[in-house]
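Undergrad: Build me a model:
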Amino acid sequence: MYIDTHSTSGKWIITTLDLDFHYGSYFIPATDWFFEGFFPYLAYGEI
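TA: Numbering: from 1, shown residues only. Predicted coordinates:
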């Protein structure tokens, strides 16, 4: 994961795995567990 806070006025969080695709394709069930922890962290956690 790469977090870029310098190139723009916002924050880019870049990963090497397309989690949305894996979640929508239903072939990696662990993405449910990952998203349940990752999205709240993005919303309220400190990066």
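Undergrad: I'd say Ile13 and Met1 touch.
TA: Yes: counting by Cβ atoms under 8 Å, Met1 is a contact partner of Ile13 at 6.6 Å. In short, each C-beta sits where N, CA and C put it, glycine included.
Undergrad: Contacts only, for Asp4.
TA: Asp4 sits next to Lys11, Trp12, Ile14 when contact means Cβ atoms under 8 Å, 6 or more residues apart in numbering.
Undergrad: Switch those over to JSON lines; also include pLDDT, secondary structure and distance to Ile28.
TA: Shown next, in JSON lines, are these (pLDDT from 0 to 100; DSSP: H, G, I helix; E, B strand; the rest coil; distance: Cβ to Cβ, whole Å):
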{"residue": "Lys11", "pLDDT": "85", "secondary structure": "coil", "distance to Ile28": "26"}
{"residue": "Trp12", "pLDDT": "88", "secondary structure": "strand", "distance to Ile28": "24"}
{"residue": "Ile14", "pLDDT": "83", "secondary structure": "strand", "distance to Ile28": "19"}
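Undergrad: From those, list just the buried residues.
TA: Among the contacts of Asp4, not one counts as buried by 16 or more other Cβ atoms under 10 Å.
Undergrad: And Glu46, how far from Ile14?
TA: Going from Glu46 to Ile14 by Cβ to Cβ, to the nearest Å gives 18 Å.
Undergrad: same deal with Ala30?
TA: For Ala30, the distance to Ile14 (Cβ to Cβ) stands at 20 Å.
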